[in-house]
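J.: Everything below, folded, please.
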Amino acid sequence: MSIGLLGLSRAVGTTHLAFALANYLRNGLGLKVALISFNNENDYEGLKYYANTYTSNKLFDLRDKSYKELRRFQGINFNGIHYYACNNNAYLGEIVNSYDCAILDISVNDKNYREALKFYFSCEKRFLLGSLSPYKLREVTERIRRIRLRDEEEDLTMLTRDYNKKRKAKLTKEFGVNVQIIPEIFDMEIIDGKNLIWLDGLIYS
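T.: Residues are numbered from 1 along each chain as shown. Here you go, the predicted structure:
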């Protein structure tokens, strides 16, 4: 299974949700999970530093795999989750096929828009991450509009950490977007209670 999380703006919680979801699938359900970062915000380098300096997790590579393409990638084993930085759609299929579940953390901007959407639409399950705050709504709305132009029939679900009834209704009316509120996940490495129920429903409902 592949899950695409497409951030429509910066700081909307895409990477945080990706980690929480990966932790639930790996350490809650026992699945073999890869988290693939497609963004320009250097999260991969930050995690590499953390994994080597503060935890017992070490860098690994997949040289023992039969796929030659995978040898190009060095990943991080973080709490049992294999984390990759990948900016090339050509190798994505080989990585996804090596895991029970692959989560794509996709950050979109005007420069990488076309390639980012290729990653997004290649996933079996797809979720937009956005914001209903007034200072981000214009950017979010424009990117949803461009996605609608690409695919008029796509069922769009946007996850957001903030809520505004009037703005939510406007997005739904104009673009047919199903807006869902993300529960507050303070620690992405500890999933329990309502968060667990919400994450399970998000993927398996």
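J.: where do the helices sit along this structure?
T.: With DSSP state H as the criterion, the chain has helices at 14-23, 43-53, 92-96, 113-121, 137-150, 165-175, 193-204.
J.: out of those helices, deepest packed?
T.: helix 14-23 (a mean of 24; mean count of other Cβ atoms under 10 Å). (C-beta placed from N, C-alpha, C; glycine too.)
J.: which helices and strands sit right next to that helix?
T.: Packing partners of helix 14-23 (3 or more Cβ pairs under 8 Å, 6 or more residues apart in numbering; DSSP states H and E): strand 2-7, strand 33-38, strand 81-85, strand 101-107, helix 193-204.
J.: change it to 6 Å
T.: strand 2-7, strand 33-38, strand 101-107 (3 or more Cβ pairs under 6 Å, 6 or more residues apart in numbering; DSSP states H and E).
J.: So which of the helices of the chain is nearest Gly4?
T.: Ranking the helices of the chain by proximity to Gly4 (Cβ to Cβ) places helix 113-121 first, at 4.6 Å.
J.: List the neighbours of that closest one that are in contact with it.
T.: By Cβ atoms under 6 Å, 6 or more residues apart in numbering, the residues outside helix 113-121 that reach it are Gly4, Leu6, Phe38, Asn89, Leu104, Ile106, Val108, Arg126.
J.: That helix vs helix 137-150, what angle?
T.: If you take axes from the mean of the first three to the mean of the last three Cα atoms, to 10 degrees, helix 113-121 sits at 70 degrees to helix 137-150.
J.: With only the CA atoms kept, save helix 113-121 in PDB.
T.: Backbone C-alpha positions of helix 113-121 (Å, rounded to 0.1, in the frame of the first residue of the first chain) are rendered in PDB as follows:
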ATOM      1  CA  TYR A 113       4.700  21.100  -8.900                       C
ATOM      2  CA  ARG A 114       4.500  18.700 -11.900                       C
ATOM      3  CA  GLU A 115       6.900  16.100 -10.400                       C
ATOM      4  CA  ALA A 116       5.200  16.400  -7.000                       C
ATOM      5  CA  LEU A 117       1.800  15.600  -8.500                       C
ATOM      6  CA  LYS A 118       3.300  12.600 -10.300                       C
ATOM      7  CA  PHE A 119       4.400  11.200  -6.900                       C
ATOM      8  CA  TYR A 120       1.000  12.100  -5.400                       C
ATOM      9  CA  PHE A 121      -1.200  10.500  -8.000                       C
END
